[in-house]
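*Asks:* next come a sequence and a model predicted from it.
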Amino acid sequence: MAISATFSSHGFQGKRLVSPPRKSFGGNNVWLKQPVHSKSKSFSVELFNEGRNQCVMSTNSSRVQCRALEMKNNKSSSMVGNRFQLDDVIESQQFDRDTLSSIFEVAREMEKIEKKSTGREILKGYLMATLFYEPSTRTRLSFESAMKRLGGEVLTTENAREFSSAAKGETLEDTIRTVEGYSDITVMRHFESGAARRAAATASIPIINAGDGPGQHPTQALLDVYTIEREIGKLDGIKVALVGDLAYGRTVRSLAYLLAKYRDVKIYFVSPDVVKMKDDIKDYLTSMGVQWEESADLVEVASKCDVVYQTRIQRERFGEWVDLYEEARGKYIVDLSVVNAMQKHAIVMHPLPRLDEITVDVDGDPRAAYFRQAKNGLYIRMALLKLLLLGW
Amino acid sequence: MAISATFSSHGFQGKRLVSPPRKSFGGNNVWLKQPVHSKSKSFSVELFNEGRNQCVMSTNSSRVQCRALEMKNNKSSSMVGNRFQLDDVIESQQFDRDTLSSIFEVAREMEKIEKKSTGREILKGYLMATLFYEPSTRTRLSFESAMKRLGGEVLTTENAREFSSAAKGETLEDTIRTVEGYSDITVMRHFESGAARRAAATASIPIINAGDGPGQHPTQALLDVYTIEREIGKLDGIKVALVGDLAYGRTVRSLAYLLAKYRDVKIYFVSPDVVKMKDDIKDYLTSMGVQWEESADLVEVASKCDVVYQTRIQRERFGEWVDLYEEARGKYIVDLSVVNAMQKHAIVMHPLPRLDEITVDVDGDPRAAYFRQAKNGLYIRMALLKLLLLGW
Amino acid sequence: MAISATFSSHGFQGKRLVSPPRKSFGGNNVWLKQPVHSKSKSFSVELFNEGRNQCVMSTNSSRVQCRALEMKNNKSSSMVGNRFQLDDVIESQQFDRDTLSSIFEVAREMEKIEKKSTGREILKGYLMATLFYEPSTRTRLSFESAMKRLGGEVLTTENAREFSSAAKGETLEDTIRTVEGYSDITVMRHFESGAARRAAATASIPIINAGDGPGQHPTQALLDVYTIEREIGKLDGIKVALVGDLAYGRTVRSLAYLLAKYRDVKIYFVSPDVVKMKDDIKDYLTSMGVQWEESADLVEVASKCDVVYQTRIQRERFGEWVDLYEEARGKYIVDLSVVNAMQKHAIVMHPLPRLDEITVDVDGDPRAAYFRQAKNGLYIRMALLKLLLLGW
């Protein structure tokens, strides 16, 4: 079947409805019999300027996103047995707070599955391909563990760049059409912003973006918000300090966007001057009614916040300016003096890997949440795999 | 057990009969109790000059091939429960038209298994090693998907060259003897012609050649013929245009050989002068009674053929002659003007990856069969894994 | 949970007892309910100088080892259902002869499991991570085959160095804390001596050392002793020739240590002068009452021994002294003249890979045990995985 042709003739409908069963090998294909997508439903699109990370959306690809948000007002309680409202997971903007909340419920079930060993076969017979154009062992292992914890199987390559290497020179679209013949879902890491979106536009199976260069890494953003909700118990009304590299750090920028979906959030930016938060995010937060302020006093900020989100200053951003880098990286360290100033219920987060921006003696404090945060990535990924393959 | 010693004392018998059960871990070992090989059976050997791709066969290795063809006149209808007549899959010459026809029947069953989810456990408990001396992600993923679709498990290495690296310096034979202790079947990709045959001569488990340098890539040849039979409905009496790099292209040369096994086939060669089909194939076709002609008019040829098989001009063959390469690669492009000239039932094939020798606007035409062709590789590989491990 | 904090507050107890269930996903967690570790039990520690391979043990890490030996006098007959006395497999010194003997019993069961296909699901639902900081395809495939033969699943990386690469710069401890969230047991290969011990000190799941640079490779030592016991039928009273590179060869040094645990063992050292056995091992053997002598007559030694253990002279040890290397490597070759001098029941062993220090014509002799030895690695690793995850 020529997918592109089929695609263009069906317009706004979901991929699953216009193509043969995405999952054609075993499994529960309930959604195929009860399409929940409908052209008559209203939908909304959220678009915002991501500054350096901006992804220009073509008319064609924005349609994919529009569909993704059709069901945004459905509650998860009434969703069981229904199809997941997303065809693919490409960028954080796809998720509104109701969808997030429902996904978090599923992630909690996944924690139980991992511990109780029931339900661990729900993805038996399903095959996930990890198509990595650059190595990211941490992310890859997290996804592969998630799939295997649910009884699914994995095809792995960290060598996907070979497909498009000079000698072979295949387009991403051709690669996707080949790989989709081998698997039921594809997790893709790419070095180019927008690659995941291009893959999703081509594929007849779900695509999960596991990072596309300077673009998005939506499952990281999801696990961050999930961790806050899990540890603090709420997302409305929280105070969050974003610390470190706020200019280039993909995670803090995505987190700021997602936090803007919640009420009465206050964000503190604590960063060296050379890597300050950029105006696009500040403006976005202001437009969404989120309070924010910049501060140079980490201890004082930490004492007020529910979450201190530390990040690594990336040396590679500084090129030859080694002095600037050395100055920046030493400026705001989360050590025991910071943690001791924090409230009892508050937490320290970090997307990992860390160098020395959180001192090792903090690890023993119960407020050090970063390894639990990494573990939450497993549950979020289990939840997304379940939802994309089986529905609610 | 010293395999080499055992081997030499048993001569023509199949490997499985003189060695301990190849598959010693679970599974259906029916064939071990009812040996279908017999020294008294007649057998025939097909040998032909493959030109640049020629594989010199030693007395020892040709015996392996002889055995492979003993059962060539058995029909698949009477084969069920019997052992597969091949111990290994090393080169296209192992397959005659009856064997091909029977394999294609099994491949069709595999299409049903993939879709219906029954039978997907038939290789449960079996372990396949993919022993790749050079990366070939496309081929590896296809084999691994095939194995996992049937419930089997996989050990992967794209790093097999490490076994024979300078510091370690192990022979291929020693590597095979080690790896065969870990798995039930081995899929091997190597950079040297003849490597798969050497591996098969050593191994007590089945070896599948997934490409040995400039040598063979038999599963590609099989999936090509399977695709024609599947799409056109027959192999006798067809007209096929082979287009592009006919001098060095391994796939078109193998395809020409296999087509010669069918009746009333006509082949058109359409290629730039610098990469014309070589005389060894032309002579072979003539000797087999296959009509062929060369043509420079792709549209005219396309209008007469059932199959237009396009190939990529490989830049690496041209070295410094960039001009020659540029001239050659642009000469015969399959675009809409070619496809529009084709008959309604005809198809365009390509072994992939493609660059621009088929334009992207052709993809939407139902006659564009190349992605279906890639998918057929999955079914052919599922069939071969089933046959080598479980028999008919 | 901050593991380091928990750790320090519980001192000598086993990791499993102070942390949440190591194996939290399915499986048989019997040991968690019946702790067999007890602070009141007496225990002994064996420490010895490993010369170049010496691992300095900190107070903290030696505790881990002490615990490992608490149960050393329990017999396996009364162990069934009990927890394995080791938390991790880090170095050969952890194993006394009773433990070895019990492990060998389990390894024999594993041979039966592999052949009979019963019990192959005992690790179903368990997930092993192979965390390789340098490629070692042979070792990795052996462990992965072992896990899959028992029904377990595997997460693979040969790219673990990426975790600690310049750009990322994560500590081993942080990496372990992340990876332990994804798997139930970790097999680690590292380029630095002591890395496995550091990983075990951090991890709440079992760690198996699959080689840490010039340090240890305990599963190789175990499979060597298992092979001797399996082939010769005993370990007490045997005569063993260690041949080749005795100065740098990690395997022969470890083997000498383990043999010293048995009675009336006699060891012959046959090696070129430049790679003679070092004094630390000789002194240790003497102190343990093991007879040893050096000899230059390989045939004469071979005629007296039960085991001729040949090793590869490693070129990389000689740097620019190519002449010395060439002289050393040609000096003691195991060829048919050596094998023909050996007793009928004796065996030739080699850790593999071999170059030409054993000639290929020896392979056919039933006394050539080296490929069986490699296969025994599979059974030993199956046994260790079973014991660490399920107990006796």
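*Replies:* Great, that's in hand.

*Asks:* only C-alpha atoms from now on, for both contacts and neighbour counts.
*Replies:* OK.

*Asks:* and A:Phe191, how far is that from B:Lys386?
*Replies:* Separation of A:Phe191 from B:Lys386 (CA to CA, to the nearest Å): 38 Å.

*Asks:* what about those two, which has more around it?
*Replies:* The neighbour comparison of A:Phe191 against B:Lys386 (other CA atoms under 10 Å in any protein chain shown) goes to B:Lys386, with 21 against 16.

*Asks:* correct me, but that one touches B:Leu123?
*Replies:* Yes - counting by CA atoms under 8 Å, B:Leu123 is a contact partner of B:Lys386 at 7.3 Å.

*Asks:* what's the helix or strand A:Arg177 falls within packed up against?
*Replies:* For A:Arg177, the host element (DSSP states H and E) is helix A:172-179. On a contact count with 3 or more CA pairs under 8 Å, 6 or more residues apart in numbering or on different chains; DSSP states H and E, helix A:172-179 meets helix A:195-202, helix B:137-149, helix B:370-390.

*Asks:* what about the helices in the stretch 151-300 of chain A?
*Replies:* Assigned by DSSP state H, counting those that start in this stretch, the stretch 151-300 of chain A shows helices spanning A:172-179, A:195-202, A:218-232, A:250-259, A:279-287, A:298-304.

*Asks:* what comes up buried for the shortest one?
*Replies:* For helix A:298-304, a neighbour-count test (16 or more other CA atoms under 10 Å in any protein chain shown) marks A:298-299, A:301-304 as buried.

*Asks:* which residues touch it?
*Replies:* Helix A:298-304 has contacts (CA atoms under 8 Å, 6 or more residues apart in numbering or on different chains) with A:239, A:241, A:268, A:270, A:295, A:308, A:332, A:337-339, A:341-343.

*Asks:* let's see stretch A:100-110 as PDB, backbone CA atoms only.
*Replies:* Only the C-alpha atoms of stretch A:100-110 are listed here, as PDB (Å, rounded to 0.1, in the frame of the first residue of the first chain):
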ATOM      1  CA  LEU A 100      -1.300  14.500  31.400                       C
ATOM      2  CA  SER A 101      -3.400  13.700  34.400                       C
ATOM      3  CA  SER A 102      -4.800  10.600  32.700                       C
ATOM      4  CA  ILE A 103      -1.300   9.500  31.600                       C
ATOM      5  CA  PHE A 104      -0.100   9.900  35.200                       C
ATOM      6  CA  GLU A 105      -2.900   7.600  36.400                       C
ATOM      7  CA  VAL A 106      -1.700   5.000  33.900                       C
ATOM      8  CA  ALA A 107       2.000   5.500  35.000                       C
ATOM      9  CA  ARG A 108       0.900   4.800  38.600                       C
ATOM     10  CA  GLU A 109      -0.600   1.500  37.400                       C
ATOM     11  CA  MET A 110       2.700   0.800  35.700                       C
END
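
*Asks:* now that stretch: how far from the chain's centre is it?
*Replies:* Per CA atoms, centre = their mean, to the nearest Å, the displacement of stretch A:100-110 from the mean C-alpha position of its chain is 14 Å.

*Asks:* next one: stretch A:259-267
*Replies:* 18 Å.

*Asks:* now stretch A:227-242
*Replies:* Worked out by CA atoms, centre = their mean, stretch A:227-242 lies 17 Å from the chain centre.

*Asks:* helix, strand or coil for the residue in the stretch 251-392 of chain A that chain C sits nearest to?
*Replies:* In the stretch 251-392 of chain A, the residue that lies nearest chain C is A:Gly364 (4.7 Å; CA to the nearest CA). The local conformation at A:Gly364, judged by DSSP: H, G, I helix; E, B strand; the rest coil, is coil.

*Asks:* how far away is it from B:Ile380?
*Replies:* Using CA to CA, which is the criterion applied here, A:Gly364 is 55 Å from B:Ile380.

*Asks:* ok, the two, which is more surrounded?
*Replies:* B:Ile380 (29 against 16).

*Asks:* show the contacting residues for that one.
*Replies:* B:Ile380 makes contact with B:103-104, B:107, B:219, B:222-223, B:226, according to CA under 8 Å, 6+ apart.

*Asks:* if we use 7 Å, what do you get?
*Replies:* Applying CA atoms under 7 Å, 6 or more residues apart in numbering or on different chains to B:Ile380 gives the contacts B:107, B:223.

*Asks:* who's the closest residue to A:Ala200 other than its chain neighbours bridged to?
*Replies:* On the basis of CA to CA, 6 or more residues apart in numbering or on different chains, the spatially nearest residue to A:Ala200 that is not a chain neighbour turns out to be A:Ile207, at 5.6 Å. Bridge pairing for A:Ile207 (DSSP bridges) gives the partners A:Thr186.

*Asks:* does A:Ile207 touch A:Asp184 like I think?
*Replies:* No - A:Ile207 lies out of contact with A:Asp184 (CA atoms under 7 Å); the separation is 9.5 Å.

*Asks:* higher neighbour count, these two?
*Replies:* Each of A:Ile207 and A:Asp184 had its neighbours counted (other CA under 10 Å), and the higher figure belongs to A:Ile207 (28 against 24).

*Asks:* wait, which of the helices of the stretch 151-300 of chain A is closest to C:Thr99?
*Replies:* helix A:218-232 (43.6 Å; CA to CA).

*Asks:* now do the closest one, average pLDDT.
*Replies:* For helix A:218-232, the mean pLDDT works out to 97.

*Asks:* what residues of it count as buried?
*Replies:* A:218-231.

*Asks:* adding distance to C:Gln291, write these out as TSV.
*Replies:* Shown next, in TSV, are the buried residues of helix A:218-232 (distance: CA to CA, whole Å):
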residue	distance to C:Gln291
A:Pro218	65
A:Thr219	62
A:Gln220	61
A:Ala221	65
A:Leu222	65
A:Leu223	62
A:Asp224	63
A:Val225	66
A:Tyr226	64
A:Thr227	62
A:Ile228	65
A:Glu229	67
A:Arg230	64
A:Glu231	63
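
*Asks:* give me the pLDDT value at the residue of the stretch 251-392 of chain A closest to chain C.
*Replies:* The model's pLDDT for A:Gly364 equals 96.

*Asks:* so how far is B:Tyr284 from it?
*Replies:* 76 Å.

*Asks:* A:Leu242 too?
*Replies:* 73 Å.

*Asks:* try A:Lys304
*Replies:* Applying CA to CA to A:Lys304 and B:Tyr284 gives a distance of 84 Å.

*Asks:* what does A:Ser204 give?
*Replies:* 43 Å.

*Asks:* so which of these two has more stuff around it?
*Replies:* A:Ser204 (28 against 17).

*Asks:* which one of the buried residues of helix A:218-232 is nearest to chain B?
*Replies:* A:Thr219 (24.9 Å).

*Asks:* so for A:Leu123, what's the nearest residue that isn't a sequence neighbour?
*Replies:* Among residues not flanking A:Leu123 along the chain, A:Gly152 sits closest, at 4.7 Å (CA to CA, 6+ apart).

*Asks:* run a quick neighbour tally on that neighbour.
*Replies:* Neighbour tally, A:Gly152, other CA under 10 Å: 20.

*Asks:* any weak-confidence spans in chain A?
*Replies:* For chain A, the stretches with pLDDT under 70 are A:1-80, A:116-119, A:165-168.

*Asks:* dump the buried residues of helix A:218-232 to TSV, plus distance to chain C.
*Replies:* Compiled in TSV, those are given as follows (distance: CA to the nearest CA, whole Å):
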residue	distance to chain C
A:Pro218	19
A:Thr219	16
A:Gln220	14
A:Ala221	18
A:Leu222	18
A:Leu223	14
A:Asp224	15
A:Val225	19
A:Tyr226	17
A:Thr227	14
A:Ile228	16
A:Glu229	17
A:Arg230	14
A:Glu231	12
